[in-house]
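Peer 1: can you look at this prediction? I've put the sequence above it.
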Amino acid sequence: MVKACPQRRLCDRDMPGSLLTVARGLHCRHANLAYLAILAVLFAPASPAQQAFPVKPVRIVVSAAAGTGLDATTRLIAPKLSDYWKQPLVIDNRQGLIANSTVAKATPDGYTLLFVSGSIAVRHVMFSNLPYDTLKDFAGVTELYSANNVVVVGTGMGVKTVKDLVAYAQARPGKIFFASPVAGGMDHMNSERFRIAAGVKAQHVSYKGSGEALVEVAAGRAHFTVVSVLVAQSLINDGKVVPLMQRFPVLPGVPLIADVLPEWTLVGASSVFAPAGTPLPLRQQIARDIARVLRLPDLKERLDSVGIHVTTTTPEEHERKLRADIAVFAKVMKAIGLKSN
C-alpha cells in the first residue's frame, strides 16, 4: 500500500489537472520528477524550423556584379520580399566564386541566402578545385526565373532567320565567330548547344560581359551571340542587331525557339540556395514566400515585360533540377572538348 505523501497538497495544488491524474499514482518524489520532465518537453525552446521567420534582417548574397541581369532582377524582387517579411533585406554583390563560398560557409539558419544564375551548375562541371562542393555545401530553396534568351546577329550580315545563318556559315567555313561572356559560362554553354543543334560551324570568342559581346556582334567583329532580351533589347530596338528567335513571346514578330529549333532546349535558371544544413521546413517556407511575392500582379507584369519567366519550385525540385543541369553541361563540355580545370 502506498503511503500518503506529507506534501501531497503541494503536489496537487501546483500541478495542472491533466497531469494530476498521472502524478497521483506515483510516489510524490517521482511525481515531481515526472512533472518537471513533462514541463521540460512542453516549454522546450522551439527548433529553428519551428520559430517564426524572419525576426531579423536577411542577407541576400548576389553571385553577380551590380548592374547585371541577375542583380537588376534581384533588386526588383527584394523590396517586395522585404515588405512581405517585414524585415530589411541586405543585398551583397560579390564575384561568383566568392559569393558562393560565402554562403557555403554561412550559418544554416535561413538568414543568408544565395541568389545565383545557372552558372553554379556550369562551374561545378568546369572546375575541379572549387573552394566548395556544389552538391554538398548548398541546400536548394527554389528556382526564381528563366531569362528570355534571344539569338542575335549583326545587321551587316543580311541574315534574317536561323536558316540564313546556317547558309551564311556554310559559305564561310572557318570564318564564323560567336561571342559570349566568360569562357565556360552559362551563355557560352547554351551558345554551344545552339550551334550544335543548328549545325552551325563557328569558333568561340570570349568577352568580359554580355554587353561587350553584343557590341562586338553589332560591330561585325563577331557574327552571333545568345543573350537575354533584358540585355539585348536596346540594341534590338535601335536596329543594331537582328533577333532570330526568342525563348518567350516578348519581342513582336520574332519566332520562338520551340517553333524554329525545338531540339535546342535552354537549361539553367536563376535560383536561391541556402547553406547545407538549413532545415527543410524552413527552406520550404522561404520558397513559398518567394513564390507568393513573385505572383504579385505589379511585379509579375514588370518581369514579364522584359522576358523574365517565373519558374518557382520546391526545394526538392530545385535540387533535382540542379543535378539535371550539371549532367547537361557535362555532355556539352565533352562534345566540344573542354576539360575541367
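Peer 2: Cool, the structure landed. Numbering: from 1, shown residues only.

Peer 1: so where is the stretch 201-341 of the chain shaky, pLDDT-wise?
Peer 2: 338-341 (pLDDT under 70).

Peer 1: cutoff 90 now
Peer 2: Applying pLDDT under 90 to the stretch 201-341 of the chain flags residues 201, 206-213, 227-234, 247-250, 263-269, 300-311, 325, 328-341.

Peer 1: quick one: the helices in it, in order.
Peer 2: Along the stretch 201-341 of the chain, counting by DSSP state H, counting those that start in this stretch, helices occupy 210-219, 229-237, 257-260, 280-294, 297-305, 315-336.

Peer 1: show me the contact partners of the shortest one.
Peer 2: In other words, helix 257-260. Contact partners of helix 257-260, identified using C-beta atoms under 8 Å, 6 or more residues apart in numbering, comprise 149, 151, 161-162, 244-247, 264, 266. C-beta here means a position set from N, CA and C on the backbone, and glycine is covered the same way.

Peer 1: could you give the number of residues near residue 102?
Peer 2: As a burial measure, residue 102 scores 18 neighbours (other C-beta atoms under 10 Å).

Peer 1: Three-state assignment for the closest residue in space to it that isn't next to it in sequence, please.
Peer 2: Leaving aside its sequence neighbours, residue 102 sits nearest to residue 61 (C-beta to C-beta, 6 or more residues apart in numbering; 5.5 Å). Of the three states, residue 61 takes strand according to DSSP: H, G, I helix; E, B strand; the rest coil.

Peer 1: domain map for this protein?
Peer 2: Structural domains annotated on the chain: 8-42, 58-147+267-336, 149-246, as defined by automatic domain parsing.

Peer 1: show me the strands in this protein, by range?
Peer 2: Here the chain has its strands, by DSSP state E, at 58-62, 89-93, 112-116, 138-147, 149-154, 177-181, 203-207, 224-228, 241-246, 270-275, 308-310.

Peer 1: what's the closest of the helices of the stretch 201-341 of the chain to residue 121?
Peer 2: Judged by C-beta to C-beta, the one of those that comes nearest to residue 121 is helix 315-336, at 4.0 Å.

Peer 1: thinking again about what came up before, would you turn the helices of the stretch 201-341 of the chain into TSV with mean neighbour count and distance to residue 167?
Peer 2: Output for these, formatted as TSV (neighbours: other C-beta atoms under 10 Å; distance: least, C-beta to C-beta, whole Å):
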stretch	mean neighbour count	distance to residue 167
helix 210-219	20	18
helix 229-237	20	22
helix 257-260	16	15
helix 280-294	18	41
helix 297-305	13	34
helix 315-336	17	23
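
Peer 1: let me have those helices in a markdown table, extended by distance to residue 88.
Peer 2: Listed next are the helices of the stretch 201-341 of the chain as a markdown table, based on distance: least, C-beta to C-beta, whole Å:
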| stretch | distance to residue 88 |
| --- | --- |
| helix 210-219 | 31 |
| helix 229-237 | 26 |
| helix 257-260 | 39 |
| helix 280-294 | 15 |
| helix 297-305 | 18 |
| helix 315-336 | 24 |
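
Peer 1: between those helices, which gets nearest to residue 138?
Peer 2: Closest of those to residue 138 is helix 315-336, at 8.4 Å (criterion: C-beta to C-beta).

Peer 1: ok, residue 64 - contacts?
Peer 2: Taking C-beta under 8 Å, 6+ apart as the contact definition, residue 64 lies against 70-71, 93, 96, 99, 116-117.

Peer 1: measure residue 243 to residue 192 for me?
Peer 2: To residue 192, residue 243 is 20 Å away according to C-beta to C-beta, to the nearest Å.

Peer 1: check the contacts of residue 64 for burial and list the buried ones.
Peer 2: Using 16 or more other C-beta atoms under 10 Å as the burial test, the contacts of residue 64 include 70-71, 93, 96, 99, 116-117 as buried.

Peer 1: can I get the strands of the chain in JSON lines including distance to residue 79?
Peer 2: Shown next, in JSON lines, are the strands of the chain (distance: least, C-beta to C-beta, whole Å):
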{"stretch": "strand 58-62", "distance to residue 79": "12"}
{"stretch": "strand 89-93", "distance to residue 79": "8"}
{"stretch": "strand 112-116", "distance to residue 79": "14"}
{"stretch": "strand 138-147", "distance to residue 79": "15"}
{"stretch": "strand 149-154", "distance to residue 79": "26"}
{"stretch": "strand 177-181", "distance to residue 79": "28"}
{"stretch": "strand 203-207", "distance to residue 79": "32"}
{"stretch": "strand 224-228", "distance to residue 79": "22"}
{"stretch": "strand 241-246", "distance to residue 79": "28"}
{"stretch": "strand 270-275", "distance to residue 79": "16"}
{"stretch": "strand 308-310", "distance to residue 79": "16"}
